[in-house]
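Colleague: Provided below for reference: sequence and predicted model.
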Amino acid sequence: MTVHHHPPDELLAMFAAGTADLGQQIGIATHLVGCAKCRAVVRAMEHVGGAILTGLPPTAMSDGALEAMERRLDETSLTSIPERRRGQAFRDVPGLPNFLDSYPDSPWRWIAPKVHLRSIRLPEPSATRVFLLKSSPGTRMIEHTHTGFEMTCVLSGSFVHAGGHFGPGDFDFGDGSVDHDVRINSTEDCICLVAMQGDLKLNGMIGRLLQPLIRM
Amino acid sequence: MLSETPDNETSDAARWARLIEAVAVRRDREAFAALFRHFAPRIKTFMQRSGAGEQLADELAQEALFAVWSKASLFDPGSAGAAAWIFTIARNLRIDALRRQKRTPTSDTSETELEFQRDEGPLPDTGVAASEIEARVRDALSVLPEEQMRVIELSFFHETAHAEIARALNIPLGTVKSRLRLAMARLRSLLDDFS
């Protein structure tokens, strides 16, 4: 898979630093599944984290902390690291990070002609909403505006807009702007993971009619 | 305390890696104590700067070192530097702690680690050892202008940090962003040398 569009470096830094919220984290983790190059950038940022950590001034630990820890080690047997239980959610959609399989699954819902949406419900409150969007070949996406940012990771198929062609692995980052004329140009369905902050506002009369359906 | 190696950062990194391996292979208590004495007080600072109170920071630092003990066998010196590996442990614990505040008490909070497992595919084979990458990242950091380093450093401590960094350093938001971009571009060009 050749990836042409990557997340901005600041997002990769936030991901590595652990300062992204869960919704953003899922968006970036999805890109990392298909992009070795960005995995390497994240790895480098983790080295930066290590360098920052070792460079911090020490704060004295509470009295007897090490001794208490040593007693704890005496009492702990290291027989096994528990196997993670694997769920089945979203296993039918290739290209998603593995950890999503333990999330609650949800069905595809029709939201507009030739467009289906599948929610990814997060286990904690997040300012970012995450969902899958499936559009049939030839679909023109409804013109929309968002008040926050929008991350779109292509899982299969492709679309094109003024910013270029986006195929599997590509990451489209929208920042409070209007996307004109997004068109699905693959011969198969285009499935994307979208992580979005702020409100999505559909423009035009059809959009206003569909608005209540999109709300999650 | 084990014998100190010369005050040289590269040999420090190699030393931490050896200590973790000693813990993994021999359950070496002496090695663990050395790791504890060095890293626990710094992780405590890291947690406090991330907003944890003194007691919580102390507990999280202890949890981090306990994780170093119990996960030592998962440490792969070929793919991770010791400090980076311990940083990721501390980072994940910090995320867990933040989530515990947000989630209902019964919900599962042990997912963070999974979310960062990038087992989906290998890193590009650069033929460069992790310790080498670590040394180069450190070199790159050491030549970054102070102001860029400050911005990077702070971005590791705050949630959705940029506006707060701007306030803390008393500079416009745009300046924070451009400094961060410059610093990241520098790191990225360094990585491009590998591929």
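Modeller: Cool, got the structure. Numbering: from 1, shown residues only, chains lettered A, B, ... in the order given.

Colleague: What average pLDDT does the strand or helix carrying B:Ser142 get?
Modeller: Counting by DSSP states H and E, the element that carries B:Ser142 is helix B:130-143. In this model, helix B:130-143 carries a mean pLDDT of 72.

Colleague: by contact count, what packs against that helix?
Modeller: For helix B:130-143, the packing partners by 3 or more Cβ pairs under 8 Å, 6 or more residues apart in numbering or on different chains; DSSP states H and E come out as helix A:36-55, helix B:9-26, helix B:173-192. Every residue, glycine included, has its C-beta placed from N, CA and C.

Colleague: just checking, what packs against the last one?
Modeller: Identification of packing neighbours for helix B:173-192 by 3+ Cβ pairs under 8 Å, 6+ apart yields helix A:9-17, helix A:36-55, helix B:130-143, helix B:146-155, helix B:162-169.

Colleague: Helix B:173-192 and the first one, what's the angle between them?
Modeller: Same thing as helix A:9-17. 80 degrees (axes from the mean of the first three to the mean of the last three Cα atoms, to 10 degrees).

Colleague: quick one: pLDDT of B:Ala161?
Modeller: 58.

Colleague: Out of the helices and strands packed on helix B:130-143, indicate the one that is most buried.
Modeller: helix A:36-55 (a mean of 22; mean count of other Cβ atoms under 10 Å in any protein chain shown).

Colleague: low pLDDT regions in chain A?
Modeller: Residues of chain A meeting the criterion pLDDT under 70: A:1, A:78-85, A:142-147, A:176-180, A:199-216.

Colleague: picking that back up, minimum distance to A:Asn98: which of the helices and strands packed on helix B:173-192 has it?
Modeller: helix A:36-55 (14.3 Å; Cβ to Cβ).

Colleague: Report the buried residues of the next helix-or-strand element following that closest one.
Modeller: Per DSSP H and E, the first helix or strand lying C-terminal to helix A:36-55 is helix A:65-75. Across helix A:65-75, burial judged by 16 or more other Cβ atoms under 10 Å in any protein chain shown covers A:65-66, A:69, A:73.

Colleague: follow-up on the earlier one: quick one: the helices and strands packed on helix B:130-143 as JSON lines, columns for distance to B:Ser155 too.
Modeller: Listed next are the helices and strands packed on helix B:130-143 as JSON lines, based on distance: least, Cβ to Cβ, whole Å:
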{"stretch": "helix A:36-55", "distance to B:Ser155": "10"}
{"stretch": "helix B:9-26", "distance to B:Ser155": "22"}
{"stretch": "helix B:173-192", "distance to B:Ser155": "6"}
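
Colleague: hey, C-alpha coordinates of the helix holding B:Ser142 in PDB?
Modeller: Extracted in PDB, the C-alpha atoms of helix B:130-143 (Å, rounded to 0.1, in the frame of the first residue of the first chain):
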ATOM      1  CA  ALA B 130      17.100   1.200  18.200                       C
ATOM      2  CA  SER B 131      20.000   2.400  20.400                       C
ATOM      3  CA  GLU B 132      21.400   4.200  17.300                       C
ATOM      4  CA  ILE B 133      18.000   5.800  16.600                       C
ATOM      5  CA  GLU B 134      17.800   6.800  20.200                       C
ATOM      6  CA  ALA B 135      21.300   8.400  20.100                       C
ATOM      7  CA  ARG B 136      20.400  10.300  16.900                       C
ATOM      8  CA  VAL B 137      17.200  11.600  18.300                       C
ATOM      9  CA  ARG B 138      19.000  12.800  21.400                       C
ATOM     10  CA  ASP B 139      21.600  14.500  19.200                       C
ATOM     11  CA  ALA B 140      18.900  16.200  17.200                       C
ATOM     12  CA  LEU B 141      17.200  17.300  20.400                       C
ATOM     13  CA  SER B 142      20.500  18.600  21.800                       C
ATOM     14  CA  VAL B 143      21.000  20.900  18.900                       C
END
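
Colleague: Please see if the strand or helix carrying B:Glu59 touches chain A.
Modeller: Element membership for B:Glu59, per DSSP H and E: helix B:54-71. Yes. Against chain A, helix B:54-71 shows contacts by Cβ under 8 Å from any Cβ of the partner chain at B:55, B:57-58, B:61-62, B:65-66, B:69-71.

Colleague: hmm, back to that, just so I know, which of the helices and strands packed on helix B:173-192 lies nearest B:Ile43?
Modeller: helix A:36-55 (7.0 Å).
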